[in-house]
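Visitor: when you get a sec, could you give me coordinates for this:
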Amino acid sequence: MKSIISTTMTLVAFAATLLSFTNFGGEGFEIFLNNKVVIQQFGKTTNAVNSLRLNQQSSNDQLTVKYYHCGQVGKNRVITIKDGQNKVLKEWRYADAAASISSSVAMNCNVKDILNLNRGKERTLNLYYSSNELPNGRLLANIVVENNPVASSK
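Guide: Okay, here's the model as predicted:
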């Protein structure tokens, strides 16, 4: 009897450990600059808007967005850059991803393309994500275009 209880407790502890490392859903996104996470928000924090600072020194960099809908990848995904008056400056559309294949989750944009949208008129652009699951879109970050040589998030 003690052996059965001991084995059961061991299995429960093992299962609890495994489950603690598993993300079973919830909304969230990650923004990367050259494969380095600069913004990561899940759950209730997805409504907070952070700033991402870019400059000409980062023009050869790649910006990557990964957005998760309850652990699934969205359909008909679009990344949009808008100006301060909510005018669409550019859209990138992405093919539907195969379920849970991490490489197809990534939505890539060249920083140079984003910086070229600024044209010195505005310092701040807005990065939005939309999909079938989020048709009205979500503001993910404010992109602050700076003249100094350091790109960072705040």
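Visitor: for this structure, what's the longest strand?
Guide: Looking across the chain with DSSP state E, the single longest strand is strand 138-146.
Visitor: correct me, but residue 145 touches residue 54?
Guide: Yes. Residue 145 lies in contact with residue 54 (C-beta atoms under 8 Å); the separation is 5.9 Å. For every residue, glycine as well, the C-beta is placed using N, CA and C.
Visitor: what about these two, which has more around it?
Guide: residue 54 (24 against 19; other C-beta atoms under 10 Å).
Visitor: show me what the helix or strand hosting that one is packed against.
Guide: Assigned by DSSP states H and E, residue 54 belongs to strand 50-55. Under the contact definition 3 or more C-beta pairs under 8 Å, 6 or more residues apart in numbering; DSSP states H and E, strand 50-55 sits against strand 36-42, helix 111-118, strand 138-146, strand 152-153.
Visitor: need the ones you listed in CSV (columns: distance to residue 97 and mean pLDDT).
Guide: Listed next are these as CSV, based on distance: least, C-beta to C-beta, whole Å; pLDDT from 0 to 100:
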stretch, distance to residue 97, mean pLDDT
strand 36-42, 18, 94
helix 111-118, 21, 88
strand 138-146, 18, 92
strand 152-153, 25, 48
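Visitor: quick check: neighbours shared by residue 145 and residue 54?
Guide: residue 115 (C-beta atoms under 8 Å, 6 or more residues apart in numbering).
Visitor: find the least confident helix or strand in this protein, judged by mean pLDDT.
Guide: Least confident helix or strand, the chain: strand 152-153 with a mean of 48, by mean pLDDT, DSSP states H and E.
Visitor: OK, contacts around the residue most central in space within the chain?
Guide: Central residue of the chain (C-alpha atoms, centre = their mean): residue 30, 3.0 Å from the mean position. Residue 30 makes contact with 37, 39-41, 65-66 under the criterion C-beta under 8 Å, 6+ apart.
Visitor: please apply the same query to residue 141.
Guide: So residue 141 contacts 31, 39, 49-52, 126-127, 153 (C-beta under 8 Å, 6+ apart).
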